[in-house]
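Novice: I would like the atomic coordinates for the input below:
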Amino acid sequence: MVSLAIDFDMVFFGPLAPILGMFIFWLVQLLFIENQKHLLAKLKFAHEPLVRFTNFVGVLFQTICHALGYTVTRSGIQHFHVTVNYGSVEPKKEKTGVFEWISNSFLFLGPFLIPSGLLLLCSYFLLEKGFAVSAPVSYSFVEGLTIFGTALSTYAEGFGTFLLHIDLFNPAHLGFLLLLLFLGMGIRPSYMGEEKKEKINMMYDLKNIKNHLIQHPWYLLLLFVIAYGLFCLFYLLSNNWYYVLFAVFGWISLLAIIALLLAYLLLALIKFTDDIATPWRYVPFITLPLSYILLRGIFMVVPLENDTTIALAGMILCTLGITILLFRYKTNRFKTASKMKHMRAEDGKKRASQRRAD
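Specialist: Residues are numbered from 1 along each chain as shown. Predicted coordinates:
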């Protein structure tokens, strides 16, 4: 009786475990994106060029993903156009059915996977450890979730170790960090300032994806059948490739979350220094590289174990300390009052517009 229960769990619920884990992390990624959009909305008044730049990065990735969809389906690309606010791709051959569905899948889902997938590929050459997935024993639902969670935990530990010991004098490390921040700033377009797209948010993305998936339920069912088929095949081969496949998607989402978090911290620093009087507000951003270079220079003369970690921690503490002191003693009270007045006016306009719509 117990054996039958285990078999039932393995056959019907076992394949769903990594899919569920991947879906949960993707939702967390969406929440981080939405949180970043709120911060960008607060920065729009004082840093419109920065907000437009992040929007351009998001539009660029979105358009590239759509173009990849046409490339994969062999539709060809006749026209590729990207601006700060808009991107469009026109295929050489209009295809319908499953090919059209695949192209739209790249458009709706690609921006959440492909940019951070590039980060994952780069991290493979930089991380000493982290790319490990346990071998299953019973192939049950609970064990599948455990394997998925352990794979993400192992990668997070390896990536965290890399960040703690990152050497900013190493061009590969510095380039990867800049790429991490660059992709984190624009995984999805913010569409700030675009009245016709101002309601594009997390719910808009989820609605588009839901409509795309239920538009052709047979295609979605086919994907589940393929997943179950792969699960059974790898079970018969007694290996963990099924879990590896979904662990990769989990690593991609985890990397996207880390990139969004680091970009959020940078944007928060920009917002925090915005109230500091004009020449002083740039001091924290000068302190960042200057303090790191100074500390690394000292450690070259006086060698110390874990010098890269100590220099990184010293850079963060120096920047944080100077920012707090400047905020306390060099705050631009007039500009702060002006910004608050503008924000209240904007809020009043939104409420009036909402009342008219109601």
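Novice: which residues are in contact with the residue sitting nearest the centre point of the chain?
Specialist: Centroid-nearest residue in the chain, with C-alpha atoms, centre = their mean: A256, separated by 2.7 Å. A256 sits next to 29, 32, 112, 115-116, 119, 183-184, 187 when contact means C-beta atoms under 8 Å, 6 or more residues apart in numbering. Every C-beta, even on glycine, is put in place using the N, C-alpha and C of the backbone.
Novice: just the element for it, please.
Specialist: Taking DSSP states H and E as the criterion, A256 maps to helix 241-273.
Novice: and the helix or strand just after that helix with helix 241-273, angle?
Specialist: Proceeding C-terminally, helix 241-273 gives way to helix 283-301 as the next helix or strand, assigned by DSSP H and E. Orientation check (axes from the mean of the first three to the mean of the last three C-alpha atoms, to 10 degrees): helix 283-301 against helix 241-273 gives 120 degrees.
Novice: CA atoms only: put helix 283-301 into PDB for me.
Specialist: Presented in PDB, the C-alpha positions along helix 283-301 are these (Å, rounded to 0.1, in the frame of the first residue of the first chain):
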ATOM      1  CA  VAL A 283      30.900  63.100  -3.100                       C
ATOM      2  CA  PRO A 284      29.400  59.700  -2.300                       C
ATOM      3  CA  PHE A 285      29.800  58.500  -5.900                       C
ATOM      4  CA  ILE A 286      33.400  59.800  -5.900                       C
ATOM      5  CA  THR A 287      34.000  58.000  -2.600                       C
ATOM      6  CA  LEU A 288      33.000  54.700  -4.000                       C
ATOM      7  CA  PRO A 289      35.900  54.100  -6.400                       C
ATOM      8  CA  LEU A 290      38.400  56.400  -4.500                       C
ATOM      9  CA  SER A 291      38.100  54.600  -1.100                       C
ATOM     10  CA  TYR A 292      38.400  51.200  -2.800                       C
ATOM     11  CA  ILE A 293      41.500  52.200  -4.800                       C
ATOM     12  CA  LEU A 294      43.000  53.700  -1.600                       C
ATOM     13  CA  LEU A 295      42.400  50.600   0.500                       C
ATOM     14  CA  ARG A 296      43.700  48.200  -2.200                       C
ATOM     15  CA  GLY A 297      46.800  50.400  -2.500                       C
ATOM     16  CA  ILE A 298      47.400  50.200   1.300                       C
ATOM     17  CA  PHE A 299      47.000  46.400   1.100                       C
ATOM     18  CA  MET A 300      49.600  46.200  -1.600                       C
ATOM     19  CA  VAL A 301      52.100  47.800   0.700                       C
END
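Novice: state the mean pLDDT of it.
Specialist: Computed over helix 283-301, the mean pLDDT rounds to 93.
Novice: pull the residues that contact it.
Specialist: 168-169, 269, 273, 307-308, 310-312, 314-315, 318-319, 322-323, 326.
Novice: pull the distance from that helix to the chain's centre.
Specialist: 29 Å (C-alpha atoms, centre = their mean, to the nearest Å).
Novice: where does the prediction get shaky in the stretch 1-150 of the chain?
Specialist: The stretch 1-150 of the chain contains residues with pLDDT under 70 at 1-9, 11.
Novice: same question for the stretch 251-358 of the chain.
Specialist: In the stretch 251-358 of the chain (pLDDT under 70), the answer is 332-358.
Novice: following the helix or strand where L121 lies, which helix or strand comes up?
Specialist: Element membership of L121, judged by DSSP H and E, is helix 98-124. Where DSSP H and E defines the elements, the next helix or strand beyond helix 98-124 is helix 141-164.
Novice: C-alpha coordinates for that next one, CSV please?
Specialist: Presented in CSV, the C-alpha positions along helix 141-164 are these (Å, rounded to 0.1, in the frame of the first residue of the first chain):
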residue,chain,number,x,y,z
PHE,A,141,7.1,15.7,-4.9
VAL,A,142,8.7,16.7,-1.6
GLU,A,143,12.1,15.4,-2.7
GLY,A,144,11.8,17.3,-6.0
LEU,A,145,11.2,20.6,-4.1
THR,A,146,14.1,19.8,-1.8
ILE,A,147,16.5,19.2,-4.7
PHE,A,148,15.3,22.4,-6.4
GLY,A,149,15.7,24.4,-3.2
THR,A,150,19.1,22.9,-2.5
ALA,A,151,20.3,23.7,-6.0
LEU,A,152,19.3,27.3,-5.6
SER,A,153,20.9,27.5,-2.1
THR,A,154,24.1,26.0,-3.4
TYR,A,155,24.3,28.5,-6.3
ALA,A,156,23.3,31.4,-4.0
GLU,A,157,26.2,30.4,-1.6
GLY,A,158,28.7,30.2,-4.5
PHE,A,159,27.5,33.5,-6.0
GLY,A,160,27.6,35.2,-2.5
THR,A,161,31.1,34.0,-2.0
PHE,A,162,32.1,35.4,-5.4
LEU,A,163,30.6,38.8,-4.5
LEU,A,164,32.3,38.9,-1.1
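Novice: fine by me, we can end here.
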